[in-house]
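Asks: Sequence first, then the predicted structure, then my questions.
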Amino acid sequence: MTSASPTPARPGHQGSLLRSLAVQAARIALALFFAFPIVFMLVSSLKPDQQIFGDLDGVKAFLPVGHLSLDNYSGVFDRVPAARFLLNSIGISAVTVVLGIFVNSLAAFALSRMRWRGKKIVLTAVIATLIVPFETFALPLVWWVNQLPWLQVNGFHVTLTEGWLDTYQVQVLPFVANAFSVFLFHQYFQSIPKELDEAAVIDGASWFGIYRRIVMPLSGPAIATVAILTFLPAWNSYLWPLMVVQSENLRPVMVGIQYFFQLNPSWGQIMAYSSMITVPVLALFVAFQRAFVSSIASSGVKG
Amino acid sequence: MATTLTPLSTRPAADAPPTRRAARGRARRRESLAALGMVSPAVFLLLLFFVIPVVLAFALAFTNARLVSPVPAQFTGLQNFRTLLDDPLFYKSLRNTFYFAAVVVPLQGGLALVLALLVNAKVKGVNFFRTVYFIPVVTSMVVVSILWTFMYQKTGLVNELISHLTLGLVHGPDWLNNPSTSMPAIILMSVWQGVGFHMIIWLAGLQTIPQDLYEAADIDGATRWVRFRYVTWPGLRTTRTFVLITITIAAFSLFAQVSVMTQGGPLDSTTTVVYQAVQTGYAQQQTGYASAISLAFFVLVLAVSLVQRFLTREKD
């Protein structure tokens, strides 16, 4: 991320000093433009409703001043089952990420490091799926998952039920296999020397053993990339759970926002809830900034 | 299955003793079987949740299927497409979708490039700016939409800012409740949210340009503009194609913002093709008709990305 700049300022030159000051001013102005809504959200979440509106006409809207409290946050928990929504989202995202890493890396391993008939066709077919936006088949997918069978376990009785609407699996399984993740793993695995596999085969390792003990431990960056690119849409998903989940106790955080607009909405509570579901992701982002940025960057070099 | 799994290599191993050849054949077969086992979970899931629904999108578009219905779907031929061509809302949706894309693609792509150039420097604190510009990207579109809905109110933050910056001369409109400002308001917010993503992609592209080209340009005494025009811009060719296509597809898929902020209003000024498809298919339960809209949308996306790919192809 940090190669040399194509625009080095010539030191001592007055024109370029002025220019670099202008550039810095532009950077700061843009930073304010990108930060102000988020700062406003965080600050407002600590203020009573009346003060949020009162502070709008000045710089106070962005400053934590006045009657600050965590009342909005406790109000959120009184108003909606926020803990339940959070647990649901954490569970759904975690399972999607773990299964996604496993299923897609396994496929990429077979596609990049093993010899078998038809692998070119499979690889091409998988990559080809990338051009179809989810929105074009989301509705047929709703119709389709509503026809699928699932096993229901009641004590010792296992029965076959029909229809996945209003379940956890409908929020996870359609998003596990991902052509882009397969592609990223495939690219990464090709950079790992194949001699390692050959040596392991001679030592009597199984193919799954090579995948588990050699290739995956060397693939930290690719795993992080796929984890991030799977986690973000899973945590932020809205359209899909809106369509396929009715029960309150199965719903994820984004859909929970809707509850605040029924009957007299409190903007302080809305800001508190929005902060609660945003700050964890922002914290993750700041902590793993390098991995985030390179994961996005690597999504762009597929050209 | 097993009968088709013949060894891949046809290399004759005449010099090898027969037992070793057989052993190699067994290893090959084991390798093929293991590979199939490893690919099959992903392939199975893609078949189930991608291939089948895509095929269904085509099939259902020719039926009167409803989301939940006791009556089985019936084949209705081109009826849905005829209805679509007579549907004034569809033309509005199309027009709004194109309007959104036509503004967002150059605006977001251009601003993202400006940001990338601003933070592509070895200066102290540049990482801080990259982080700040990127924050909206990791913030969910739903949260962003709610935040901006509040800021766009008649006496909201945006209008207070406008009023302060113009010393009280300009009083902003009720952004989301005015048909002429609703779409621009959604555009501004969408660019704010998405631009950091493409900044990173431009940045990755900038860093693939060999440094010695800039040094050579400096020796020739090239101005900043000349350097940009003849070194940076040509060096970003593949990145440019990627940015253009991803922003366009994302712009055509405009949905969440509309669903949260305006529900397509006021006076259908913000309804889009995807929003209309979801409303028809979900709220009104007309899966068949919604599939026809989705199909039209898919053809649109495909056509536009093919045209873009053609226009941005390598001209050698």
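Replies: Happy to help now that I have it.
Asks: What residues of stretch B:124-138 count as buried?
Replies: Using 16 or more other CB atoms under 10 Å in any protein chain shown as the burial criterion, the residues of stretch B:124-138 that qualify are B:126, B:129-138. Yep, even glycine has a C-beta here, placed from its N, CA and C like the rest.
Asks: What lies in contact with it?
Replies: Outside stretch B:124-138, the residues that touch it by CB atoms under 8 Å, 6 or more residues apart in numbering or on different chains are A:27, A:30-31, A:34-35, A:37-38, A:232, A:281-282, A:285-286, A:289, A:292-293, A:296, B:115, B:118-119, B:144, B:192-197, B:199-200, B:203.
Asks: Now restrict those to buried residues only.
Replies: By neighbour count, with 16+ other CB under 10 Å, the contacts of stretch B:124-138 hold A:27, A:30-31, A:34, A:37-38, A:232, A:281-282, A:285, A:292-293, A:296, B:115, B:118-119, B:144, B:192-197, B:199-200, B:203 as buried.
Asks: Sitting in helices, which of these do you find?
Replies: A:27, A:30-31, A:34, A:37-38, A:232, A:281-282, A:285, A:292-293, A:296, B:115, B:118-119, B:144, B:192-197, B:199-200, B:203 (DSSP state H).
Asks: Can you list the low-confidence ranges for the stretch 201-303 of chain A?
Replies: Low-confidence segments of the stretch 201-303 of chain A, defined by pLDDT under 70, are located at A:299-303.
Asks: Near chain B, which residues of it? Just list them.
Replies: Taking CB under 8 Å from any CB of the partner chain as the criterion, the stretch 201-303 of chain A approaches chain B at residues A:206-208, A:211, A:232, A:235-236, A:238-239, A:243, A:254, A:257, A:267, A:270, A:274, A:277-278, A:281-282, A:285-286, A:289, A:292-293, A:296-303.
Asks: Now do B:Leu45 against A:Leu160, distance only.
Replies: Here the distance between B:Leu45 and A:Leu160 works out to 20 Å (CB to CB, to the nearest Å).
Asks: Neighbour count for these two, which is higher?
Replies: Neighbours were tallied for B:Leu45 and for A:Leu160 using other CB atoms under 10 Å in any protein chain shown; the higher tally belongs to B:Leu45 (21 against 8).
Asks: Could you look up the SS state of the more buried one?
Replies: For B:Leu45, the assignment made with DSSP: H, G, I helix; E, B strand; the rest coil gives helix.
Asks: which residues does the nearest residue to it once chain neighbours are set aside contact?
Replies: Leaving aside its sequence neighbours, B:Leu45 sits nearest to A:Ala177 (CB to CB, 6 or more residues apart in numbering or on different chains; 3.5 Å). With contact set as CB under 8 Å, 6+ apart, A:Ala177 has these partners: A:100, A:103-104, A:107, B:41-46, B:49-50.
Asks: Let's have these in JSON lines, adding pLDDT and distance to B:Phe252.
Replies: Shown next, in JSON lines, are these (pLDDT from 0 to 100; distance: CB to CB, whole Å):
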{"residue": "A:Gly100", "pLDDT": "97", "distance to B:Phe252": "26"}
{"residue": "A:Val103", "pLDDT": "97", "distance to B:Phe252": "29"}
{"residue": "A:Asn104", "pLDDT": "96", "distance to B:Phe252": "26"}
{"residue": "A:Ala107", "pLDDT": "95", "distance to B:Phe252": "29"}
{"residue": "B:Pro41", "pLDDT": "95", "distance to B:Phe252": "32"}
{"residue": "B:Ala42", "pLDDT": "95", "distance to B:Phe252": "27"}
{"residue": "B:Val43", "pLDDT": "94", "distance to B:Phe252": "28"}
{"residue": "B:Phe44", "pLDDT": "95", "distance to B:Phe252": "30"}
{"residue": "B:Leu45", "pLDDT": "95", "distance to B:Phe252": "26"}
{"residue": "B:Leu46", "pLDDT": "94", "distance to B:Phe252": "23"}
{"residue": "B:Phe49", "pLDDT": "94", "distance to B:Phe252": "22"}
{"residue": "B:Phe50", "pLDDT": "93", "distance to B:Phe252": "19"}
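Asks: If any of those are buried, put those into a ChimeraX selection.
Replies: Buried members of those, identified by 16+ other CB under 10 Å, are gathered into one ChimeraX selection as follows:
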select /A:100,103,104,107 /B:41,42,43,45,46,49,50
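Asks: Can you lay out the contacts of A:Ala177 as CSV showing distance to B:Ala22?
Replies: Written out in CSV, the entries for the contacts of A:Ala177 read as follows (distance: CB to CB, whole Å):
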residue, distance to B:Ala22
A:Gly100, 40
A:Val103, 34
A:Asn104, 35
A:Ala107, 30
B:Pro41, 31
B:Ala42, 32
B:Val43, 30
B:Phe44, 32
B:Leu45, 36
B:Leu46, 36
B:Phe49, 41
B:Phe50, 40
